[in-house]
Structures are given as C-alpha cells and as structure tokens.
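# Pasting the sequence and the predicted coordinates here, then a few questions.
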Amino acid sequence: MGLLDIFGLALATALALWALWALRRRRRRTGEPPLVNGWIPFLGKALDFRKDPSKFLLSLQQKYGDIFTVHIAGRYITFIMNPLLYGFVTKNSKYLEFKEFADSLASRTFDYPSVLKEDFPDLNENVHRNYQYLLGKPLDTLSDNMMTNLQWIFKRQFSQTTDWKVGKLYKFCCSVMFEASFITLYGRDPSADGHNVIGAIEENFIKFDANFSYLAANIPIELLGATKRIRKELIHVFLPTSTAKWLGVSELIEARKEVFERYEVLSDYDKAAHHFAFMWASVGNTIPATFWAVYYLLRHPEALAVVRDEIDHLLQSTGQERRPGCNIRLTREQLDSLVYLESAINESLRMCSVSMNIRIAQEDFIFKLEGNQEVSLRKGDWVAIYPPVLHMDPEVYEDPKEYKVDRYVENGKKRTTFQKQGKKLKYFLMPFGSGSSKCPGRFFAVNEMKLFVILLLVYFDVEIREEKQIGVEKNRLGLGIALPDSDISFSYKLRP
Ligand code: HEM
Ligand SMILES: *[C@@H]1O[C@H](CO)[C@@H](O)[C@H](O)[C@H]1NC(C)=O
Ligand SMILES: *[C@@H]1O[C@H](CO)[C@@H](O)[C@H](O)[C@H]1NC(C)=O
C-alpha cells in the first residue's frame with residue numbers, strides 16, 4: 001500500500017467518525033437556550049474557552065444574549081451571563097444542585113470515597129455542619145492563634161534583617177502563610193524538628209498543587225508524574241499515627257476528626273484523605289490571594305501608603321507599639337474597622353479570582369428567570385456563572401483593568417452599591433462562590449490575609465524593584481484564585 005492510500009484511509013476513517021458524531025450530536029429543542037456546538041468532536045468549544053474564557057463568553061453573549069449553552073469537552077454548559085440573573089441560579093437549589101459536582105471533583109482529586117454513598121449516612125451534612133467552627137467565637141480564636149503564629153514565624157525568620165534583604169515574593173507568601181495556617185488549624189509537632197516537618201509537607205503541597213488543575217480536569221493521576229506518590233505522602237501526614245502527638249489542634253479540626261470517627265466504614269486512609277482535602281482548601285487559594293494582595297499594594301505605592309497609614313493609626317489609637325518584635329493583638333471589631341485594607345484585599349480578589357460556579361440540573365425542567373423569561377434544561381446539564389466577566393464589566397466597575405485601592409470604600413465606609421443597567425447588584429464580588437457552594441472559610445481567609453499584610457507592613461519596609469509585570473497562569477481557570485505565571489524579587493528591611 002502506498003503512502004497516499006494510507007493517508008486516504010485515515011482521512012476516510014476520520015470523516016466517517018466525524019459524520020457519526022455529527023449525526024449523534026445534540027440539537028437544540030424548542031424552549032432551550034441557543035446551542036453552540038463547535039465542530040470538533042468531543043472537545044466542542046473547549047479550546048476556545050480555555051484560551052480566554054472571558055473573551056469567548058462575551059463574544060457569545062453578543063451573538064446569543066444572556067443565556068446560551070456551549071458544548072465544552074463532552075458537557076453541555078448553560079452560561080448565565082447577566083449578574084442580575086445570578087440570584088435565580090442560587091435560589092433554584094431544588095433543581096440546580098452543587099453537591100454532586102463537588103463530591104465527584106473532591107473525591108477524585110483527594111482520593112476518598114464519595115460522601116454521597118449510602119454507606120455514609122449524613123456524612124455530607126455532618127461535614128457541612130462542622131463549618132460552624134469557622135464562624136463566631138471559634139473564628140475569633142482561630143484568628144487570634146493565626147496572629148500569634150504569624151508573629152512567631154515572622155520573628156523567627158527575619159529578626160536579623162536590619163539591612164535590605166532580597167527574596168521571592170510568592171515563595172515568601174507561600175512559606176509564611178502555609179506554615180501559619182497549617183499550625184493554626186492542625187497544631188504542631190512538638191519535636192525539635194517540628195519546623196522541618198512542616199517544611200517537608202509544604203514542599204509536597206507545592207508539587208501537588210502544581211498539578212492540581214490537571215487532576216481536577218479529570219486527567220488520570222497516572223499521567224501526572226510523581227503526583228500520585230506525592231498525594232499519598234500528603235494523605236499519610238494526616239493518619240492518626242502521625243497526628244496523635246501534635247499539639248494545639250483547633251476546635252474545628254478536633255470536631256472534624258470526631259465526625260469521621262463516627263463512621264466505622266471509613267478507613268484511616270479515607271479519613272486522612274478528607275483532612276488532606278480540607279488542608280488543600282484552607283491554603284490552596286489563600287496563598288495566591290495573599291500574594292496578589294501584597295503584589296498590587298507594592299506595585300501601587302500610593303495605595304500602600306493609604307493602607308499603612310490606616311494600620312498605623314489603628315495601632316496608635318489602641319495604644320500598641322508598632323516596633324518590630326512587639327506583640328500585636330487585634331479584636332474582630334478592630335480588624336473589621338480596617339476598611340481600606342479590606343478594600344485593597346477585595347480589589348485584588350476582584351482582579352485575580354477565576355472561579356466558576358457550577359450547578360447540575362437534577363432533572364429536565366423549565367428554569368424560570370426574571371419576568372417571563374424561561375429556558376428548558378435537560379437533566380445532567382451544567383449551569384454556570386463565570387464571575388470574572390462580572391469583575392471586569394466596565395458598566396459595574398469603572399476602568400476595570402485598573403487597581404483602585406479605595407474601590408470598595410465610600411465616605412470612609414464599606415461601599416456595597418454597584419449597579420448594572422441602573423439596578424443595584426446583589427452579587428458584585430464573588431471570589432468565594434455563591435449560595436450553597438459559598439466558601440465556608442471566607443471570613444477566616446480574609447482575616448488571615450489582613451493579619452499577614454498588617455504584620456508585613458508593621459515590621460518591614462517592602463519594595464518590588466523588578467519592572468516586569470506578573471500575569472496569571474491559565475491552568476487554574478475555573479478554580480478559585482489564579483496562580484501568578486512567575487515569581488518576582490522583592491526587598492524588605494526592618495522598619496526603624
Ligand atoms: C482567599 C481564600 C479562599 C478562596 C478564594 C476560597 C474560595 C472557595 C470557593 C470558590 C469555594 C467553592 C468551590 C466551588 O464552587 O467549586 C470554596 C470552598 C471551600 N472552601 Fe474556600 N476559599 C478560600 C479560603 C478558604 C479557607 C481559609 C478555608 C478553611 C479554613 C476554606 C475552606 C473551604 C471548604 C472546606 C470548601 C468546600 C465547601 C463545601 O464542602 O461545600 N477556604 N472556597
Ligand atoms: C506534573 O505532571 C507532569 C505531566 O503533566 C509531570 O511531568 C510532572 O512531573 C508532574 N509534577 C510532579 C511534581 O509530579
Ligand atoms: C469585601 O468583599 C466581601 C465579599 O467577598 C464583603 O462581604 C465585604 O463587605 C467587602 N468589603 C468591602 C470593604 O467592600
């Protein structure tokens with residue numbers, strides 16, 4: 001057979017497969033949203049979406065309006081583009097559910113058996129009830145302990161820096177936040193090398209995290225190099241035999257352990273895998289979010305000055321010294337009163353959040369929206385909100401690409417009025433998801449970031465001297481906070 005014949009055969013096979021797919025592919029039924037299939041079998045519009053989701057979705061919105069269905073990698077995803085309609089998605093939790101999606105994603109990436117199985121009655125509910133330890137008094141205790149731990153780590157690492165020192169900003173944020181968050185939640189190994197134990201866990205965490213988005217995208221772990229071994233090592237950290245000797249465990253984690261103890265069918269490995277999942281959730285987004293908060297402040301000296309002033313004022317008015325080495329304690333009310341710092345954090349979250357909110361249609365149903373607008377959806381279809389489009393909408397946010405430290409401040413108070421089409425938006429900033437999928441750790445996360453920035457600015461003069469602009473890494477799109485596409489040098493020196 002000549003080369004041409006082989007080529008011809010291959011072409012004929014491809015055409016036949018394509019024709020088969022074209023015959024079977026979904027067609028729009030009356031009442032359904034406009035359907036965008038794409039011509040590539042299976043992948044559909046996945047490549048266009050991946051290249052630049054916001055641009056892609058906006059171009060479809062121009063053509064098809066606020067609601068349309070896109071075929072992406074074997075799924076039919078109905079996007080709700082208008083933020084005034086977001087509430088209809090979160091309100092419709094009877095038909096549009098989150099837990100099935102979350103469970104399948106988490107059990108696969110973190111290697112535990114699905115919590116929705118009959119073997120584990122009420123496990124999902126019990127795990128969710130445990131999140132109350134991220135609110136109220138337990139939250140205050142967590143924040144207090146976080147502050148103590150952060151100060152301890154800052155002092156240990158940097159007590160000798162009287163002259164300018166150079167470091168990498170992401171690496172710095174990552175090591176301080178990882179260790180402080182970890183010991184605040186899980187306690188610490190009291191042995192002499194306790195610090196190195198955490199260091200080793202952090203190293204593995206960084207490696208796992210680098211391939212997390214591939215795992216989440218359903219790529220078999222066997223294809224991801226050392227990821228499988230690393231995940232196993234990380235899970236083993238949380239086996240009872242390892243954690244039994246740790247001291248200073250938070251109420252939250254103690255109670256979480258008790259929840260799993262009630263399920264004899266969970267093996268020690270399964271329980272440890274659950275703890276690992278929570279550990280990832282507690283630092284996986286907080287670390288990059290902290291990086292971006294600091295990065296934007298350092299890139300905008302006038303913003304940095306405003307925030308630093310606010311912090312210095314608070315310390316002064318509460319009679320606390322702002323010398324390096326001094327101990328600082330702030331109550332919840334005091335932390336809440338830092339509106340410029342909070343606005344700075346919110347502004348950086350607006351710029352770097354890439355999370356997508358997903359729900360799955362539980363049955364065929366007619367999704368009723370504003371007025372008499374309605375669309376039919378099929379069982380198993382996904383409904384998605386993609387907040388990054390909202391976060392960059394020039395109608396909601398003036399000059400959306402610009403970092404404005406006081407964007408969320410109005411007359412010295414929190415600004416909560418943002419409008420679209422002349423109407424006040426209920427949802428205008430959504431780094432933590434919405435409705436039933438809203439992040440239970442959001443209050444603690446914001447406190448952690450505030451405490452980090454406060455200590456950094458109280459202890460040090462900090463500068464970025466490199467010119468380069470940092471962009472976002474594309475792999476995380478859809479999942480929480482974007483990672484920076486590279487690290488950047490910064491200098492710091494103890495404040496006189
Ligand atoms: C800036 C930091 C953080 C961001 C941006 C963030 C964002 C999110 C988002 C978007 C979700 C929903 C996931 C989805 O819709 O698929 C989520 C879930 C979750 N987050 Fe966070 N998070 C942060 C920090 C934290 C912290 C500090 C904790 C715990 C201490 C935490 C614990 C969780 C947990 C346990 C879930 C799963 C909730 C469930 O079971 O339904 N997060 N987070
Ligand atoms: C991540 O996955 C890639 C393959 O996509 C692999 O080459 C690499 O070794 C993995 N990283 C780690 C730390 O295992
Ligand atoms: C920051 O955003 C959160 C929601 O993510 C909101 O609850 C809080 O009030 C905002 N703070 C300011 C100062 O806008």
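Here it is on my side, so go on. Residues are numbered from 1 along each chain as shown. Ligands and ions are numbered 1, 2, ... in the order given.

# got the contact list for Glu410?
Shown in contact with Glu410 (Cβ atoms under 8 Å, 6 or more residues apart in numbering): Thr417. In short, each C-beta sits where N, CA and C put it, glycine included.

# residue ranges of the strands in the stretch 301-450 of the chain, please?
For the stretch 301-450 of the chain, the strands defined by DSSP state E, counting those that start in this stretch occupy 357-361, 365-368, 374-377, 382-385, 409-410, 413-414, 419-420, 423-424.

# mind giving me a markdown table with these and columns for distance to ligand 2 and mean pLDDT?
A markdown table is the format used below for the strands of the stretch 301-450 of the chain (distance: least, Cβ to the nearest ligand atom, whole Å; pLDDT from 0 to 100):
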| stretch | distance to ligand 2 | mean pLDDT |
| --- | --- | --- |
| strand 357-361 | 24 | 95 |
| strand 365-368 | 38 | 94 |
| strand 374-377 | 34 | 95 |
| strand 382-385 | 25 | 96 |
| strand 409-410 | 42 | 97 |
| strand 413-414 | 41 | 95 |
| strand 419-420 | 40 | 96 |
| strand 423-424 | 45 | 96 |
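
# do you know which of those strands lies nearest Asp393?
strand 419-420 (7.1 Å; Cβ to Cβ).

# just to revisit the earlier point, wait, which of the strands of the stretch 301-450 of the chain is closest to ligand 3?
Ligand 3 sits nearest to strand 413-414 of all these, at 3.9 Å, using Cβ to the nearest ligand atom.

# Show me what that closest one is in contact with.
Residues outside strand 413-414 that contact it (Cβ under 8 Å, 6+ apart) are Val339, Glu342, Ser343, Tyr408.

# do the same with stretch 231-245
110-111, 186-187, 189-191, 201, 204-205, 208, 221, 249, 268-269, 271-273, 275-276, 279.

# re earlier: restrict the contacts of strand 413-414 to contacts with ligand 3.
With Cβ under 6 Å from any ligand atom as the criterion, the contacts of strand 413-414 include Val339, Glu342, Ser343, Tyr408 near ligand 3.

# Just the closest of the residues you listed to Gly136, please.
Glu342 (19.3 Å).

# Just the ones of the contacts of strand 413-414 in helices?
Val339, Glu342, Ser343 (DSSP state H).

# quick one: the second one and Met449 touch, right?
No: when contacts are counted by Cβ atoms under 8 Å, Glu342 is not listed as touching Met449 (9.4 Å).

# nearest spatial neighbour of the closest residue to ligand 3 within the chain, skipping sequence neighbours?
When distances are taken as Cβ to the nearest ligand atom, the chain reaches nearest to ligand 3 at Tyr408, 3.2 Å away. Residue nearest to Tyr408 in three dimensions, not counting chain neighbours: Ser343, with 3.8 Å by Cβ to Cβ, 6 or more residues apart in numbering.

# dump the residue contacts of the one you found.
Val405, Asp406, Arg407, Tyr408, Val409, Lys414, Arg415.

# Try it again at 7 Å.
Val405, Asp406, Arg407, Tyr408, Val409 (Cβ atoms under 7 Å, 6 or more residues apart in numbering).

# Can you give me the pLDDT of it?
Per-residue confidence at Ser343 stands at 98 (pLDDT).

# What of Ala217?
Looking at Ala217, its pLDDT reads 83.

# And Ala16, by the same measure?
What the model reports as pLDDT for Ala16 is 67.

# Once you drop chain neighbours, what's closest to the residue of the stretch 101-250 of the chain found nearest ligand 1?
Residue nearest to ligand 1 within the stretch 101-250 of the chain (Cβ to the nearest ligand atom): Ala102, separated by 5.3 Å. Using Cβ to Cβ, 6+ apart and skipping the chain neighbours, the partner closest in space to Ala102 is Ser437 (6.8 Å).

# Isn't that neighbour up against Glu100?
No: here Ser437 lies out of contact with Glu100, judged by Cβ atoms under 7 Å, at a distance of 11.5 Å.

# Compare neighbour counts for these two and give me the winner.
Between Ser437 and Glu100, counted using other Cβ atoms under 10 Å, Ser437 has the larger neighbour count: 19 against 14.

# Tell me who's in contact with the more buried one.
Ser437 sits next to Phe98, Ala102, Asn357 when contact means Cβ under 7 Å, 6+ apart.

# go again using 10 Å as the cut-off
Listed by Cβ atoms under 10 Å, 6 or more residues apart in numbering, the contact partners of Ser437 are Thr90, Ser93, Glu97, Phe98, Lys99, Phe101, Ala102, Ser355, Asn357, Ile358, Arg359.

# again with Lys45
Lys45 neighbours (Cβ under 10 Å, 6+ apart): Val36, Asn37, Gly38, Trp39, Phe56, Leu60, Val70, His71, Ile72, Ala73, Ile77.

# What subset of those residues is buried?
Val36, Asn37, Gly38, Phe56, Leu60, Val70, His71, Ile72, Ala73, Ile77 (16 or more other Cβ atoms under 10 Å).

# Using the three-state scheme, assign the nearest residue to the fifth one once chain neighbours are set aside.
For Leu60, the nearest residue in space outside its immediate sequence neighbours is Phe68; the separation is 5.6 Å by Cβ to Cβ, 6+ apart. Using DSSP: H, G, I helix; E, B strand; the rest coil, the secondary structure recorded for Phe68 is strand.

# ok, Phe68 touching Leu58?
No: counting by Cβ atoms under 10 Å, Phe68 stays clear of Leu58, with 11.7 Å between them.

# out of the two, which sits in the busier spot?
A direct count of neighbours by other Cβ under 10 Å for Phe68 and Leu58 places Phe68 higher, at 21 against 16.

# OK, contacts around that one?
Each residue near Phe68 by Cβ under 10 Å, 6+ apart is listed here: 32-36, 57, 60-61, 77-81, 375.

# Show me the domain layout of the chain.
3-112+359-383, 123-358+384-494 (automatic domain parsing).

# Which of the ones you listed has the lowest mean pLDDT?
domain 3-112+359-383 (a mean of 87).

# anything in that one sitting right up against ligand 3?
No: contact of domain 3-112+359-383 with ligand 3 is not found when judged by Cβ under 6 Å from any ligand atom; the minimum separation is 13.9 Å.

# quick one on the thing from earlier: out of the domains of the chain, which one sits most buried?
Here the criterion is mean neighbour count by mean count of other Cβ atoms under 10 Å, and of the domains of the chain the winner is domain 123-358+384-494, at a mean of 18.

# Between Phe68 and Leu58, which contacts overlap?
Here Phe68 and Leu58 have Met81 as joint contacts, going by Cβ under 10 Å, 6+ apart.

# gap between the two ends of stretch 431-444?
Start-to-end span of stretch 431-444 (Cα to Cα, to the nearest Å) is 14 Å.

# What of stretch 451-467?
27 Å.
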